[in-house]
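>>> Here's my sequence, what's the structure:
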Amino acid sequence: MNLVSLFVRRMRGLNSSKNSVSARIINIATLAVSIGIATILIALSVSKGLQNEIENKTGIFNGHILVTLFENNESKISLLPINETPLIREKFLNTSNVSRFHPVALKAGILKNKFDFEGILFKGVNSDFDSTSLKSFFIRGRFPNLTNGLSKEILISETLSKKLSLDVGDKTDVFFQNDLKNGLPSVRRFTVSGIFLSGFPDIDENLIYGDIGHVQKINKWGKNQIGAYEVFVKNFDKLEKTNQKIYNNLPPEINSIPITERYPSIYKWIALFDFNVLIILVIMILVGLINMATALLVIVLERTKMIGLLKAIGFQNNSIRKIFLFNGMVILGKGLFFGNIVGLGFYILQKNFGFIKLDPATYFVELAPVKITFVQIIFVNGLFLIVSAFLLWIPLKIILNINPSQAMNTR
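Residues are numbered from 1 along each chain as shown. This next block holds a predicted model:
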């Protein structure tokens, strides 16, 4: 093994000669590997970043699991109430993956200023709601104060704010349909306490937050009656199992729906990101390997006399192949080193400066989010190395066909 290392170091010195044909081929192979690993890391970080950002946004504004009556499944508004009981809350608390939950009640209405109006979906929440989860989406103002009696404040989106020329501190009327008053709407006057922007057109076009007590009064519900529970999980990867546990513990008239079923098109779309990254991974590895194989073959052909001499003095074919394979792995390692610098450099720059922007109407975000873990970086580099070591062993079979006497007599 010491002799193998000696020849590997010797060949590295010969390969670095600018006058050799192999030097240029090696530089091209190194560049191909660098571009390949950099492309994979960039694609992986952007893909995981988008997935994480979209999952977070949909979860924050809708909950990971919606617990409601079966009659409310197909409706965006709360048609029939659930009696909020300590028993149901206890079932949530006893489910290991549940991080938090809160009651909600949804009511359709019309938000009106002096000259115009827009259809809205009023989401009523109480003091259990974690308003800090929306803090990163605030444009200005604050969340309505729900601790001192029935609040007359609302949080609206920037989209509604622009359409109706409303700002923080402005008063506005909301008209709610009221089936109990012969079709005459119920009117509530609110003060805009804050403005948010989610980046989701479906949310920003109509969602506003307010006190759940208004929905309860308009619908003639009791204080312990709500439309649904929004449940949040700690580990999104265990969403399906957690939903099944919750469903099994609920009364028969109550259903639990994971967010992946409520918004299937969004989650099927972001699932395609993994497939796209897989395609890029395969293509870049193939490109890198083809260039590495070409470089190794050129090196072998340039070193035919050396191979013949090594065979003549007793070197086994496997030992000679190891010399060239280790030499190839050194070249590969150099390419991976520079490729990682480029890929991780992109990640750091995008995370801190956000120089790449996206169309929020298509991607639901304005800046391309990035996310990558140390384990993912090790996995990609390790996969590149292992696959390369395995497949590069095959083209080196040409060494088996080199005859020592013929190789040493060539000019």
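>>> What segments of the chain are strands?
65-69, 82-83, 98-112, 117-125, 138-141, 153-157, 171-176, 186-196, 207-211, 225-226, 228-233, 254-258 (DSSP state E).
>>> Can I get those strands in JSON lines including mean neighbour count, distance to residue 313 and mean pLDDT?
Glycine gets a C-beta too; all of them are placed from N, C-alpha and C. As requested, those are exported to JSON lines (neighbours: other C-beta atoms under 10 Å; distance: least, C-beta to C-beta, whole Å; pLDDT from 0 to 100):
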{"stretch": "strand 65-69", "mean neighbour count": "23", "distance to residue 313": "72", "mean pLDDT": "92"}
{"stretch": "strand 82-83", "mean neighbour count": "18", "distance to residue 313": "86", "mean pLDDT": "90"}
{"stretch": "strand 98-112", "mean neighbour count": "20", "distance to residue 313": "68", "mean pLDDT": "93"}
{"stretch": "strand 117-125", "mean neighbour count": "20", "distance to residue 313": "82", "mean pLDDT": "94"}
{"stretch": "strand 138-141", "mean neighbour count": "14", "distance to residue 313": "76", "mean pLDDT": "94"}
{"stretch": "strand 153-157", "mean neighbour count": "24", "distance to residue 313": "79", "mean pLDDT": "96"}
{"stretch": "strand 171-176", "mean neighbour count": "17", "distance to residue 313": "92", "mean pLDDT": "92"}
{"stretch": "strand 186-196", "mean neighbour count": "19", "distance to residue 313": "77", "mean pLDDT": "94"}
{"stretch": "strand 207-211", "mean neighbour count": "24", "distance to residue 313": "80", "mean pLDDT": "95"}
{"stretch": "strand 225-226", "mean neighbour count": "22", "distance to residue 313": "86", "mean pLDDT": "94"}
{"stretch": "strand 228-233", "mean neighbour count": "23", "distance to residue 313": "66", "mean pLDDT": "95"}
{"stretch": "strand 254-258", "mean neighbour count": "19", "distance to residue 313": "68", "mean pLDDT": "92"}
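>>> Nearest to residue 348, out of those strands?
Nearest to residue 348, of all these, is strand 138-141, at 26.9 Å by C-beta to C-beta.
>>> could you say what helices and strands the closest one packs with?
For strand 138-141, the packing partners by 3 or more C-beta pairs under 8 Å, 6 or more residues apart in numbering; DSSP states H and E come out as strand 186-196.
>>> one step back: could you take the strands of the chain and lay them out as TSV, with extra columns for distance to residue 353?
As requested, the strands of the chain are exported to TSV (distance: least, C-beta to C-beta, whole Å):
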stretch	distance to residue 353
strand 65-69	36
strand 82-83	47
strand 98-112	31
strand 117-125	35
strand 138-141	21
strand 153-157	27
strand 171-176	38
strand 186-196	24
strand 207-211	31
strand 225-226	44
strand 228-233	31
strand 254-258	36
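>>> Could you name the stretch from those strands that's closest to residue 299?
Closest approach to residue 299 among the strands of the chain is made by strand 228-233 (53.8 Å; C-beta to C-beta).
>>> that older thread, who wins for proximity to residue 329 among the strands of the chain?
strand 228-233 (43.2 Å).
>>> Now do that closest one: which elements does it pack against?
Using 3+ C-beta pairs under 8 Å, 6+ apart, strand 228-233 is in contact with strand 65-69, helix 86-93, strand 98-112, helix 239-249.
>>> go with 6 Å
strand 65-69, strand 98-112 (3 or more C-beta pairs under 6 Å, 6 or more residues apart in numbering; DSSP states H and E).
>>> want to throw those strands into CSV with distance to residue 389?
Listed next are the helices and strands packed on strand 228-233 as CSV, based on distance: least, C-beta to C-beta, whole Å:
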stretch, distance to residue 389
strand 65-69, 45
strand 98-112, 43
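>>> Of all those, which one comes closest to residue 163?
For residue 163, the closest of those is strand 98-112, at 9.0 Å, according to C-beta to C-beta.
>>> what angle sits between that closest one and strand 65-69?
Angle of strand 98-112 versus strand 65-69, following axes from the mean of the first three to the mean of the last three C-alpha atoms, to 10 degrees, is 70 degrees.
>>> which residues are in contact with strand 98-112?
The contact list for strand 98-112, computed with C-beta atoms under 6 Å, 6 or more residues apart in numbering, reads 77-78, 84, 92, 117-125, 128-129, 173-176, 212, 215, 226-232, 234.
>>> Leaving out sequence neighbours, find the closest residue to the most centrally placed residue in the chain.
By C-alpha atoms, centre = their mean, the chain has its centre lying nearest to residue 51, at 2.2 Å. Closest residue in space to residue 51, ignoring its immediate chain neighbours: residue 270 at 4.9 Å, by C-beta to C-beta, 6 or more residues apart in numbering.
>>> wait, doesn't that neighbour sit right on residue 53?
No - contact criterion C-beta atoms under 6 Å: residue 270 and residue 53 do not qualify, at 9.5 Å.
>>> ok, for residue 160, nearest residue in space, not its chain neighbours?
Distance criterion C-beta to C-beta, 6+ apart; nearest residue to residue 160, sequence neighbours excluded, is residue 118 at 5.9 Å.
>>> whoops, residue 222 was the one
The shortest distance from residue 222 to any non-neighbouring residue, by C-beta to C-beta, 6+ apart, is to residue 216 (7.2 Å).
>>> Which pLDDT does the model give the one you found?
Note on residue 216: pLDDT of 93.
>>> Roughly how far does residue 117 sit from residue 165?
Between residue 117 and residue 165 the distance is 12 Å, computed by C-beta to C-beta, to the nearest Å.
>>> and the nearest residue to residue 241 once chain neighbours are set aside, what are its phi and psi?
Closest residue in space to residue 241, ignoring its immediate chain neighbours: residue 97 at 7.5 Å, by C-beta to C-beta, 6+ apart. Main-chain torsions, residue 97, degrees, to the nearest 10: phi -90, psi 0.
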